[in-house]
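Enquirer: I need the structure of the sequence given here:
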Amino acid sequence: MSPSNSSTRFPTEIISYTIAGCSEHSGNYVADNIKVDRPLDQASRWSGAQQVPSMKQWILLRLDTLAVVKTITFGKFHKKHPCNMKEFKLYVGLHPDHMIQVLHTSLKDDAVPESFATPEANKAGLPFPSRFVKILPLSAHGQSFHVSIWHVSVSGIIEPSYVQSVRVRYDEYRETVVARHILKHLRQRRMLMPYTSILSRTRLELEHPLVTALHSSLVLQGDFPLAESILSQMASAHLFDDHLRSCQPHARWTRLHGADADGDAPGPRGGHAMALDASRGVVYLFGGWDGRKSLDDLWAYDIGTERWEILCRSTAKEKNGPGPRSCHKMVCDSKTGSLYVLGRLGDDVGRISSSRSSSEEGRGREQALTQTGDRNPNDQQGMSVCSEFYRYHTRGLDAGKWDLLSSDTALTGGPQLIFDHQMVMDSETQMIYISGGRVVNGDWDSPKYSGFYSYNVKTNKWKLLQPINASGSSSSVQSPVSQRSGHSMVLDPLTHTLFIFAGQKDERYLSDMCAYDTEGNTVTELFSNFSSVGGPDACFTQRAVIDPTLKEIYVFCGLSRSQQTEALTVLKADAPNWVYRYTHPNAPGTWTQISILKYRGGEYGSEWDDDAPQPRYAHQVVYDEKTRQAFLHGGNAGETKDEENEHGDNENRNDEEDIEHRSWTRMRELRLDDFWSMTLSRAGPDEVVRRAVYHIRRQRFREMCADQAPLTALRYLQSDVADVVDHSNSEEANMFRSLLPHLLAVAPLGSPTPTSSGSISTHRDQGNVGVPPKKRTRSQSPEDEESVWTNVIDAEDGGRIGGEVEGYGIEPSSGAQKRSHAVLLLDEDPLEASSSGTKPLSADRFRQRTEVFEGLLEFVEVVAKQPEGSLLDLVDSEGGL
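Expert: Okay, here's the model as predicted:
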């Protein structure tokens, strides 16, 4: 078992430490004071002698034993203090001169101790050991005050056998990373003999064997047909799959009808609940609001037969069945097929203000007080505030029966009656997680939000979760996940990680995102504002589903605001859907638009494109991993005219009544009953191969312009290069036409053949469309007079495929200096001379081909290619070579 998988077997313990060093302290506030927690003693602290940021402040802790650090806790004074440290950075490492930054966050100015989880693994997912911990205070809460730290406690795993295995693996990892960077550097510099020697002695793999074969055929041999055939093999080996998933996807929507034998299907509604039984391929739908009343019908849709089935027209009439409701949530246990239902807005929970979006389905909704609940702690007449919790059996002997698991979850440690919350289930661990939502207490103008809970199906126990904040935010252990409603929460069952994002808090729409590790009980802020990094606008009632195998989250539009300061809520006519891709759940991923829906009518609900669903909110979406289909049903499409009443009997209505009636009909909201499936289409492997072949043939054409008769090169351009151009793409077609001027810039036949001697030119073709490449010559010596041809390949987005290889932009100024820096000349390697019977490859052509090769690596997944970055970066890094 690897260390990364076995860390949970060992307990987390307090790690004792000594003070290895610190910046100058003030008075008697020495660093040793932070080892003891005395919150009532004002002198029990470390305080810097200088104010930050005028002088760098720091404390270095040396752990008494090598450990895998997991958390750091800061104790505080018993009340607010202006010297309390606010912003800080935290570093860990094996040596004080070489440490890794693991936190950059802030402390609150209060008396509550704050704990932060420190990442115990690097970007490669490998745990790393630490001997030193360094704290860098950046600011105090009070202006012009010295920073004080009152108490520091470090926790982690100190089990010797585990820590030692982590140390061994981490040392091996570091050696491997360095060796691979050296191999990359040597091959770029054409030092093939030492490159080959290191490979044979270490048995390392710089890259996938097919990538190595591509380099040999393209760069060293110039065998372009062989290089093209290798690209097809790489596609078959799925080396392009990561790139394909990163390309902008296009949604393919299909309208589903699938009524049952009687022609019935779920009617128009919003704020309903849907859940998927993945093992049987069945979608369940329950309840909702149809614009006039709450619903309590239960439906099942069989994905295989594409048919709806009514399971119960009124669950309220069933024994232990739930009453009519909306804005509730329902999850399915894929192991047992049981459905769990929690929360509600029913016709008995009071009148919702029409002046704001009080609920997902509450814009303009006013509910009559029709029933009186059994429990009335808020003294709100006619309101039932008991939080019932239900289970419905879809399989076995109890199939079709309801269980009332709790008449009020608030009495057993669970949430109060809530709506617009989120609920997901981890079937493997038999845990249900509930996040946020608004508490039903009758005070609609002063909203109260629920917390973060878990429910253990096996033990029937509720727990209020108080996860530790991992990084990136200043939240304390008491409130690590911001309370909200109308947000999204999805579960990655492979890593047992919850993603929580967006929603509404008071009058503010949110655009943040965090990841909660259910096993480690830690929260990591991924984005404080994903809109600022190319993600969706701040939104409310959007829907999200996840494909954990692809590591993608699909987000479907909801309500938004064009500006955060505006109180006006809008349903954008061109609201796009999104895909969020991540590599590691605790590291920020990337956002990409799926598609943009085009609005065709003058108002919502009229003349919409039948090929895609119109924008909406309060809809429901589920996702089937097996078929990779998302299923969307219903929702609120916004305000529309009530056509039935608008064109009804108006003969007996006077003018005043008619005006009032028409005003009312314009405000009616349109609930939808349409049902859709969506699959995503992306460019296939053949498209990547075509683009890669195009870049290879462009390079071959340029070489033909220099080596062969112009007519031969022209024929190759018109046939072979033209065959792989997407002429419907204007950018690509223009780039293709820009190749023709290369024929006019070639040296006359019979001119000196390029040799391997001479320096590397820094001239670059800027790739401007229609601008012919220029022939450039050097006059340092007769042997230096040769043509230099550009090799930059423009990408489809206007960028470049290839680009300058690290260190290739240096040109010696004299012959003597050139020989003293022979490492930069890219002279033919002896290994090439002994294995090739062809004429030597010039340094310039080697550079050109290398840059084309490295440009093609953009299509290859990270684990199959040479490492990113360069050894040269070490020279410029802080404390570098």
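
Enquirer: give the contact list for the residue nearest to residue 272 when sequence neighbours are not counted.
Expert: Spatially, and ignoring its direct neighbours in sequence, residue 272 is nearest to residue 288 (2.9 Å; C-beta to C-beta, 6 or more residues apart in numbering). Where C-beta positions appear, they are placed from N, C-alpha and C, glycine not excepted. Residue 288 is in contact with 269-273, 294-295, 326, 361, 634, counting by C-beta atoms under 8 Å, 6 or more residues apart in numbering.

Enquirer: give me the lowest-pLDDT entry from those.
Expert: Lowest pLDDT within the contacts of residue 288 is found at residue 361 (60).

Enquirer: make JSON lines from the contacts of residue 288 and add distance to residue 216 to it.
Expert: Listed next are the contacts of residue 288 as JSON lines, based on distance: C-beta to C-beta, whole Å:
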{"residue": "269", "distance to residue 216": "62"}
{"residue": "270", "distance to residue 216": "61"}
{"residue": "271", "distance to residue 216": "61"}
{"residue": "272", "distance to residue 216": "60"}
{"residue": "273", "distance to residue 216": "58"}
{"residue": "294", "distance to residue 216": "69"}
{"residue": "295", "distance to residue 216": "67"}
{"residue": "326", "distance to residue 216": "64"}
{"residue": "361", "distance to residue 216": "63"}
{"residue": "634", "distance to residue 216": "58"}
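
Enquirer: and the top helix by length along the chain, what does it pack onto?
Expert: Once the chain is assigned using DSSP state H, the helix that runs over the most residues is helix 160-188. Applying 3 or more C-beta pairs under 8 Å, 6 or more residues apart in numbering; DSSP states H and E, one finds that helix 160-188 contacts helix 3-6, strand 59-75, helix 192-202.

Enquirer: mind checking the SS state of the residue nearest to residue 427 when sequence neighbours are not counted?
Expert: Using C-beta to C-beta, 6+ apart and skipping residues adjacent in sequence, the residue nearest residue 427 is residue 334, 4.6 Å away. When classified by DSSP: H, G, I helix; E, B strand; the rest coil, residue 334 comes out as coil.

Enquirer: any idea how far residue 86 is from residue 107?
Expert: 6 Å (C-beta to C-beta, to the nearest Å).

Enquirer: ok, now residue 246?
Expert: Taken as C-beta to C-beta, the span from residue 246 to residue 107 is 37 Å.

Enquirer: which stretches of the stretch 751-881 of the chain have low pLDDT?
Expert: Scanning the stretch 751-881 of the chain with the threshold set as pLDDT under 70 gives 751-824, 833-838, 877-881.

Enquirer: ok, residues contacting stretch 238-246?
Expert: 208, 210-211, 234, 550, 552, 581, 590, 592, 682-685, 688-689, 858-862, 864.

Enquirer: in strands only, show me those residues.
Expert: 552, 581, 590, 592 (DSSP state E).

Enquirer: could you pick out the buried ones from the residues you listed?
Expert: 552, 592 (16 or more other C-beta atoms under 10 Å).

Enquirer: nearest to residue 90, out of the ones in strands among the contacts of stretch 238-246: which one, please.
Expert: residue 590 (26.4 Å; C-beta to C-beta).

Enquirer: separation between the residue nearest to residue 28 when sequence neighbours are not counted and residue 18?
Expert: Of all residues beyond its chain neighbours, the one nearest residue 28 is residue 43 (6.6 Å), with distances taken as C-beta to C-beta, 6+ apart. To residue 18, residue 43 is 20 Å away according to C-beta to C-beta.

Enquirer: and what of residue 119?
Expert: Taking C-beta to C-beta, one finds residue 119 at 24 Å from residue 18.
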